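Visitor: pasted the sequence and its predicted model underneath.
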Amino acid sequence: MNTLREKLTTLLTNKYLQIFFLLTLLVGAGYMKAGTLQILSFALISILFTQSIYILTGMTGQISLGHAAFFGVGAYGTAILSKTLGLSLLFSIPIAGIAASLVAFILSYPAGRVKEVYLAMMTLGFGQIFLEVARELTALTGGVMGLSGVPSAGLGTLIVLGMKLSTVDYFQFLLLITACSVIFVRNFSQSRLGRSLFLVHYSELAAGSVGIVRRQTKQLAYALSGLFAGFAGAFYAHLVGYLGPDSFTISRSIEVLVIAIVGGLWSIGGQILSAIFFTFLPEQLQVFTQYQFIAYGLILTFTLILFRRGIGGLLFSASRFIRTSIRKVSDKNKISSDFLSIKANHTNILVKDITMKFGGLVAVNHVSLDIPARQITALVGPNGSGKSTLVNVIAGVFPPTAGRVLLNDSDVTSRSDAQMAKLGVIRTFQDPRLVPHFTVRENILLGAHAQMSYSWLEAGLGLPRAYKQELLALEQCDSIIELLDIAEVADQPVESLPYGYRRMTELGRALMARPRVILLDEPAAGLSDLEMQSLGVILKKLKSLGITILLIEHHMDFLADLVDEVVVLDSGSIIFRGTMLAMREDAAVIEAYLGTEGVEHA
Amino acid sequence: MKKNKFNHQLSIIMASLLLSGLSVQVQAQDTIKLGMTTALTGPFNEFGEGNRRGVVLAIEMFNKNGGVNGKKVELAEALDDQLVPDRAVQNMRRILDNKDIVAIIAPAGSGPSLATMDMLEADGRPVCNPLAQSPQVTLKNGEGKPPRANIISMAITNKSEATAMGQALGAKYKNVGILHESTAYGVTGSEMTKAAMLAKNPGVKVEVESYNQRSQDMASQVARMQRAGVEAVLVIGLGADFAVIRKNMSRLNVKADLYGSTGAVTPPYIEGAGNLALGTRTMSPTAFGLRPLKPAAQTFVDQYRAAHGTDRWYGPDEANPQLTLGTIVAQAYDCTRILLESMKAAGSTQPAAVIAAMNKLTDFKGVTNDSISFTPDNHDAFSAKDLSLFEMSKGKDGKLFLLPVKE
Amino acid sequence: MDFFVSLVIAGACVGSVYALVAVGLNMTFWTTKTLNFGQGAVMMLSAMSTALLVQYGLSDVVSIVFGLLLVALTGVLVERIAIRPALKTAGSMGWVIATLGFGIVIQGVTARYFGSQAVAFPEVLFQVQDVVTIWGQSISLQYLAVLCISLVLIIVLECLTRFTVLGTAIQACAQDMELAVVQGLPVNLIISGSFVLSSLLAGVAGILVAQISGTVDPAFGFELVMFGFVAAVLGGMGNSGGALLGGIILGITSKLVGGYISTAAEHGIAFGLLILMLAIRPQGFFGRAEVNKA
């Protein structure tokens, strides 16, 4: 089954085949019936629209039940500009698309703050508001009477630059645009920004920990999604020539969601097939119209549960999020992991009198602490003693109720987690927060997000700057994989791997973020003895590269010949600081944590 | 992507098979073909399916009497669009692609009709609009300007209904409220009725409110009317919503006279409002309210009853078929008859000839309008004078039905 | 003055129904942190089956009881078919889409086999014309009856939650599901029970609204769920008193906006309030802000 999928995928992604197919359609357009041309044009618009859902829902995990609104902004936008104001299509279409993007951007402010069902309701409400506005602003949108006379190829009124476009011309134009947009979106999904959307979806905290600014990322996702939806709407307007509010109801929002889900939320290819299928189905199967509602309902109810990956999952190999062309080059270049020492910079952290309260609970109580440069410091203590909270404060996840955090003498107390990550303070989590369907390599590559700087536009267009930065990052990624000795599973999705590998992957991601200080939260938990040994070796190597390390741990043996200093927390306060040996003898520590029963195994 | 190519090849193969194999079919294909797309299913199917039945009955009648120009007539394409504009556009494109179809019946609603009118006009083949009330269906450029060349309409346009209703209201009241649904039908109807009222009685006060279809409670709108002190309320919308409004009026103790548009005074209204519907008035085709019915109407009514019995379009009372039988089914019936008669008169199915014949139609005996005439400047069968006021009354068996008002 | 009072009473009445829906949504939110997006179809089912059964000749009471039983069954089904599997496999989005789909299927099947036309709803609560005069203001008995029934049900539910064993069990599940399991509570039964309760409330709400409007059709209920949700959010998700207040405030505000500003805005005001509340104070008027240790 897998090989069949692979063969099919290789076949369909073959560049020459794709070009050949495109050419056939382009040339064949001149010989098709008007009805076929029209329905194919509808299918192309549907593909464009579905891509907007891919970006927002598939990649970023934000559910939208009101996408018809952005589609509508694009449609009405270009209709009003071209018909009422007489603007050339060369301007009205892009302006309409950008307008839709702007609306989506604005919506991202309230929407980015809520999740799941609240988001669903909010987008639903937004879609309804748009409908009301379209109905009421009669002077602008024609209200319920609609807007007719929109320049359209089918009516022979589509004139660009003095040339009249026929339905064949329009179809060819649409085909090229759609093909370009598919390539753009695919490039984007295989870029640092595309991958970051997935991480924001699966773990906002993990995203922050590698320097991904959540709010900006969500805004980007909404804006891009709105852009594609708006363009789809604009092309729709010039296809049908008449716009009525009835075309922008919740049915359209639901329909595009159904198409995306059936195609497979993570599969561009699957969604393309799905869009074509759903465009042709009502046309070919007249009886479908009656059952359409029931069919959509059944699809929505069961697909995510039974066929999570949709058509894409069934027919194609899993999508990958690193460009193959870059992989081919990076696989050949080998660099050493010494690059990690470049930014290390002998950094120390000073924690001054930090108190952290959650409502009435005091988690951290006037803790002052020194994490010296180029040392491995351990933070131990019973559960609930405030270790993770302290790390969260240092890492910038939330600001402390009182106290300060200094990084090499500069005050970083009020910095956010993403800002701290960019300053080189990287942390890992108690349970690895990875993108489950990404491979080890793709997850590790996420760490390099803040180290690269190319924009979404450069990503989508595949410009050289993007290429170069990705290549370098990949090479570094490979070297880290070597360092962590996980090369044999590097191309497997992490959800299928045992716990130990996932730990390593998260560590790898942290390293890609070029840490000056690395805060590890129970890195040895769940590891076998062998794995723990490897981890110890790796940590020592990191220390030698100049990285400051703080470890939260319970495994005394693991810490024994690894750490330079250990700090013991109990109920939010420090009760001991010194060497491992001294800690073992300290009465307070024994009382609170180590315990006295049984014989001490030295 | 692969599927497209496959479909394309498949259709080429099938086409070749058809052409090569079946020469017998060539003769049978020589019929007069009509096409339509409308709401055959879905929430508006009482209109679309009703239209279709009218078309089929007319075709049957013509075929029984020897067909047209020696050929039988058939409804070659009856597509379902549930009155969704996009679907109507796609279906219409498919119909227009079929060059064998010589005449088309328009969809049963203003939304999809408006969406397809431009492409129908560009195509040029004769089209008849049975039901959609928006005047823009024929009058693309507004009143006083020539109508679309190839499109005629049997519908009671908003204009004619509004003029008739507006004149009646303006003559009788000084303070009127109009409550309309927020659709093309509602908005145009409302504007035109208000204009007609003001034309008849410049001093009349008109309060206009709107509502969304299928709202559960219209208390705000009705309260506003009450506050404005209206003597009469006209509702322009559909039956189910009209029932809600009627109940709201009762609950808020509004004592105004109640009028409804043709789309509102329908079986859902009667079912929903029950006895509260008594006394409601509406404008309806005079011809269909005459007892006894004129011959053309009687033939139609008998033909329908023979084919379908006293069903939801006919109504329970054999002697008194519902007015909707006329406004929905018969108008499509007359549409088809006119198209086919014009083909007969022209002796051909060439668009130009048929249209010329349609433009010369004089005193055609329709079911809901017993004297229909078209000219190059007028393509609408109905005008205000063909409508008169009817009132909901109770019959001997307790059932409600519309009786002409004798004033 | 009349005008204002009419609007307020109508608003309070529809608002109390929104509150009923909101309380129903809260039920499942307590036990599973989910809600049935297809709740509108549930409302339609109870109203539609009641209307049809009365048409076929059964008595009002029997029809209503049957309608409510039907939706209780639906509640069990939706939890089994759409919620439970979705929570296991498809994460946060899964159940939203699955329950939405479930509602659409119910709507589609009803439309296919019973037609899409509106069906008349019988007069079970007084007659439309029945009014009572209080302080010179004539008020529709139907509005009053709906208002009273909703209030009574909500109060009964609040008592149930606070003073009975079942109620305490539901609260336990809401606070800490794992602990409840460990303590030996029949969690699956409680979850099913919360869905049944939720559907019953929706069923009653559906019948009440259908009584007011007079007809039911398959698309009935969709908007009501949205308004119920807005009411729940306004009051604070999971808070019964909040839901009641939220619903009434929503009802009265929309009617007043509709009456004094424009009837077109009446619709949009609910969503405007929703977006505003979610953006400014997501925990609603009476909820407590969630604090996450992260």
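Guide: All right, it came through fine.
Visitor: where along the stretch 151-294 of chain C do the strands fall?
Guide: Counting by DSSP state E, counting those that start in this stretch, the segments of the stretch 151-294 of chain C that form strands are C:215-216.
Visitor: for the residue in chain A positioned nearest to chain B, pull up the helix or strand it's in.
Guide: Using Cβ to the nearest Cβ, the single residue of chain A nearest to chain B is residue A:35, 3.9 Å away. Every residue, glycine included, has its C-beta placed from N, CA and C. In this assignment (DSSP states H and E), residue A:35 forms part of helix A:34-53.
Visitor: the next helix or strand after that helix packs against which elements?
Guide: Using DSSP H and E, the helix or strand that follows helix A:34-53 towards the C-terminus is helix A:68-79. Using 3 or more Cβ pairs under 8 Å, 6 or more residues apart in numbering or on different chains; DSSP states H and E as the contact test, the elements touching helix A:68-79 are helix A:89-111, helix A:116-136, helix A:214-240, strand A:242-243, helix A:250-263.
Visitor: now those in JSON lines, with distance to residue C:193 and mean neighbour count?
Guide: As requested, the helices and strands packed on helix A:68-79 are exported to JSON lines (distance: least, Cβ to Cβ, whole Å; neighbours: other Cβ atoms under 10 Å in any protein chain shown):
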{"stretch": "helix A:89-111", "distance to residue C:193": "34", "mean neighbour count": "21"}
{"stretch": "helix A:116-136", "distance to residue C:193": "21", "mean neighbour count": "23"}
{"stretch": "helix A:214-240", "distance to residue C:193": "38", "mean neighbour count": "26"}
{"stretch": "strand A:242-243", "distance to residue C:193": "49", "mean neighbour count": "26"}
{"stretch": "helix A:250-263", "distance to residue C:193": "31", "mean neighbour count": "23"}
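Visitor: would you turn these into JSON lines with distance to residue A:277?
Guide: What follows is these, written out as JSON lines (distance: least, Cβ to Cβ, whole Å):
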{"stretch": "helix A:89-111", "distance to residue A:277": "26"}
{"stretch": "helix A:116-136", "distance to residue A:277": "24"}
{"stretch": "helix A:214-240", "distance to residue A:277": "17"}
{"stretch": "strand A:242-243", "distance to residue A:277": "26"}
{"stretch": "helix A:250-263", "distance to residue A:277": "8"}
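Visitor: the ones you listed: which one's closest to residue C:287?
Guide: In this view, the helices and strands packed on helix A:68-79 are compared for proximity to residue C:287 by Cβ to Cβ, and helix A:116-136 is the closest at 12.2 Å.
Visitor: quick check, the closest one touching chain C?
Guide: Yes. Contact between helix A:116-136 and chain C is present through A:116-118, A:120-122, A:124-126, A:128-129, A:132-133, A:135-136 (criterion: Cβ under 8 Å from any Cβ of the partner chain).
Visitor: could I get the buried residue list for stretch C:47-57?
Guide: With burial defined by 16 or more other Cβ atoms under 10 Å in any protein chain shown, the residues of stretch C:47-57 counted as buried are C:47-54.
Visitor: oh, that last question was meant for stretch A:289-305, not what I typed.
Guide: By neighbour count on 16+ other Cβ under 10 Å, the buried set for stretch A:289-305 is A:289-290, A:292-305.
Visitor: just checking, next helix/strand downstream of the longest helix along chain C?
Guide: Using DSSP state H to assign secondary structure, the helix with the most residues in chain C is helix C:2-32. Read in the C-terminal direction, the helix or strand following helix C:2-32 is helix C:39-56, with elements assigned using DSSP H and E.
Visitor: what's that following helix packed up against?
Guide: For helix C:39-56, the packing partners by 3+ Cβ pairs under 8 Å, 6+ apart are helix C:2-32, helix C:60-78, helix C:91-114, strand C:119-120, helix C:187-213, strand C:215-216, helix C:222-235.
Visitor: which ones are touching the residue of the stretch 501-602 of chain A found nearest chain C?
Guide: In the stretch 501-602 of chain A, no residue comes nearer to chain C than residue A:521, which is 11.6 Å away by Cβ to the nearest Cβ. The neighbours of residue A:521, taking Cβ atoms under 8 Å, 6 or more residues apart in numbering or on different chains as the test, are A:387-388, A:391, A:427-430, A:552.
Visitor: at 10 Å instead, please
Guide: Residues near residue A:521 by Cβ atoms under 10 Å, 6 or more residues apart in numbering or on different chains: A:379, A:387-388, A:391-392, A:395, A:427-431, A:506, A:550-553.
Visitor: any low-confidence regions in the chain?
Guide: This is for chain A. Counting by pLDDT under 70, chain A shows low-confidence ranges at A:1, A:596-602.
Visitor: look at chain C instead
Guide: Applying pLDDT under 70 to chain C picks out residues C:1, C:90-92, C:288-294.
Visitor: one more: the stretch 101-250 of chain B?
Guide: Low-confidence segments of the stretch 101-250 of chain B (pLDDT under 70): none present.
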